[in-house]
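Engineer: Here is the input, now give the coordinates:
(one chain, ligands or ions: 1)
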Amino acid sequence: MAGMTSTPQKTDRLGYLDALGIDVWRLRGSGGSADASDPEQADVSLAGWDEIRAAVSGCRKCALHKTRTQTVFGVGSETAEWMIVGEAPGAEEDRRGEPFVGRAGQLLDEMLRAVGLDRRTVFIANVLKCRPPENRDPEADESSQCRAYLDRQIELLNPKLILVVGRIAAQLLLNTDTSLGRLRGQAHKIGTAEIPAVVTYHPAYLLRSPSQKGKAWQDLCLARSIARRH
Ligand code: URA
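Structural biologist: Residues are numbered from 1 along each chain as shown. Alright, predicted model coming up:
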C-alpha cells in the first residue's frame with residue numbers, strides 16, 4: 001500500500017511493541033533501550049510471562065540472590081481465575097523452585113480442594129521470589145524491589161479473585177499494618193483493575209493452630225462467593 005514502509009512483519013508481542021518504538025526493557029532514568037540480560041535494571045511493567053520469568057530468574061536487585069538456591073516464580077495456570085499469594089519461599093520451595101510444596105503447601109492444596117480447586121487450575125505466587133535466610137520476615141527493601149514482579153503477574157493474570165495467605169503477605173500486598181484478624185471477612189481491592197482480594201490464615205499457622213481452620217473455611221467460602229460473582 002502506498003505510503004507504507006517496508007518494516008518487516010512483526011507477529012510477536014515484543015516485535016509489535018518494537019515496531020511502535022516502545023522499549024519494553026528500558027533502563028530506569030536512561031531513556032535508552034536496555035539490555036534484557038541485565039535483570040538488575042529491567043522494568044517489567046510491560047513484560048509478558050516469558051520476559052517476567054526471565055527477569056525473575058536472573059534478578060539480583062536485593063541481597064537475597066546471594067543466598068537463594070533458585071528463584072521461585074510461581075506455578076499454575078496463566079489463565080487461572082484464582083490467584084493465591086503467600087509470603088516467600090521456604091527451604092523446600094527454594095530447593096524445588098516451586099511455591100508451597102512443603103507441609104504448608106500440602107495443607108494449602110487441601111484448602112483449595114475443599115472449594116473445588118487444585119494447584120494446576122489456580123496460580124500460586126509469593127510476594128518474595130527468593131527465600132529469606134532462616135525464613136526470617138522480608139525486609140522492606142526486599143519486598144519493595146520484588147513488588148514489580150508480583151504486580152505484573154497480577155496484571156497479566158487478571159484473576160477473578162486473589163486469596164492472600166498470612167499476615168505478612170496481606171500487609172505487604174495491601175500496604176497496611178492492620179492485623180490479619182481485621183483484614184479477614186471482607187473483599188479488598190487490588191490495583192487499578194480493583195481485583196477483589198480475600199485474606200486468610202497462612203497454612204503454616206493453621207498447622208500450628210488447627211482450631212482456626214473453621215475461620216479459614218469461612219474465608220474460603222467468602223472467596224468462592226466473590227469469585228462466582230465476578
Ligand atoms: N510459605 C509461603 O508463604 N510461601 C511458600 O511458597 C511456602 C511457604
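Engineer: pLDDT at whatever residue of the chain ends up closest to the ligand, what is it?
Structural biologist: Closest residue of the chain to the ligand, Cβ to the nearest ligand atom: residue 86 (2.9 Å). Every residue, glycine included, has its C-beta placed from N, CA and C. Looking at residue 86, its pLDDT reads 98.
Engineer: Run through the chain and note the low-pLDDT ranges.
Structural biologist: The chain contains residues with pLDDT under 70 at 1-41.
Engineer: Which parts of it are helices?
Structural biologist: Secondary structure of the chain, counting by DSSP state H: helices at 13-19, 49-57, 91-96, 103-114, 140-157, 167-174, 180-183, 203-208, 213-229.
Engineer: so the residue of the chain closest to the ligand bridges to which residues?
Structural biologist: residue 126 (DSSP bridges).
Engineer: what sits against it?
Structural biologist: Residue 86 makes contacts with 99-100, 124-127, 165-166, 169, 202, as judged by Cβ atoms under 8 Å, 6 or more residues apart in numbering.
Engineer: Return the residues of this structure in contact with the ligand.
Structural biologist: 86-90, 93, 99-100, 104, 126, 166 (Cβ under 6 Å from any ligand atom).
Engineer: can you pull the contacts of residue 103?
Structural biologist: 204, 207.
Engineer: re the thing from before, between the contacts of residue 86, which is nearest residue 145?
Structural biologist: residue 127 (11.1 Å; Cβ to Cβ).
Engineer: Settle this for me: the closest one is touching residue 169, isn't it.
Structural biologist: Yes: between residue 127 and residue 169 a contact is recorded at 5.3 Å, counting by Cβ atoms under 8 Å.
Engineer: Residue 186: neighbouring residues, count only.
Structural biologist: 12 (other Cβ atoms under 10 Å).
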